[in-house]
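Participant: quick one: sequence and predicted model below, then my questions.
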Amino acid sequence: MSGAVLLQSPVERAQRFRALAEEIRATAEAMVEPDARRTMLYMADNYDSLADHIEEQLEKGAN
């Protein structure tokens, strides 16, 4: 991940993390090695968790 991601707005970061999760899941689907696939899916879940956290913080700030 480049430093440019840190310069994006929180909404843009959440969107980027969701896009990365989707890309990683697509890559994982093509993998035949179960451990590698599992690792990739774990990474995708972590990117989704990051996006969830950002979105939760934005919601808290809006209220």
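Facilitator: Alright, I've got the coordinates. Numbering: from 1, shown residues only.

Participant: burial count for residue 54?
Facilitator: Residue 54: 20 surrounding residues under other Cβ atoms under 10 Å. For glycine as for every other residue, the C-beta is placed from the backbone atoms N, C-alpha and C.

Participant: that one is in what secondary structure piece?
Facilitator: helix 34-62 (DSSP states H and E).

Participant: mean confidence score for that helix?
Facilitator: Averaged over helix 34-62, pLDDT sits at 95.

Participant: just how off-centre is that helix within its chain?
Facilitator: 5 Å (Cα atoms, centre = their mean, to the nearest Å).

Participant: excluding chain neighbours, what is closest to residue 41?
Facilitator: Residue nearest to residue 41 in three dimensions, not counting chain neighbours: residue 28, with 5.2 Å by Cβ to Cβ, 6 or more residues apart in numbering.

Participant: relative to residue 39, how far out is the residue most central in space within the chain?
Facilitator: Centroid-nearest residue in the chain: residue 47, 2.3 Å away (criterion: Cα atoms, centre = their mean). Distance, residue 47 to residue 39, by Cβ to Cβ, to the nearest Å: 13 Å.

Participant: one more: residue 8?
Facilitator: 26 Å.

Participant: could you list the buried residues of stretch 42-60?
Facilitator: Within stretch 42-60, the residues scored as buried using 16 or more other Cβ atoms under 10 Å are 43-44, 47-48, 50-51, 54-55.

Participant: will you turn those residues into TSV that also has distance to residue 24?
Facilitator: As requested, these are exported to TSV (distance: Cβ to Cβ, whole Å):
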residue	distance to residue 24
43	5
44	4
47	7
48	10
50	12
51	13
54	18
55	19
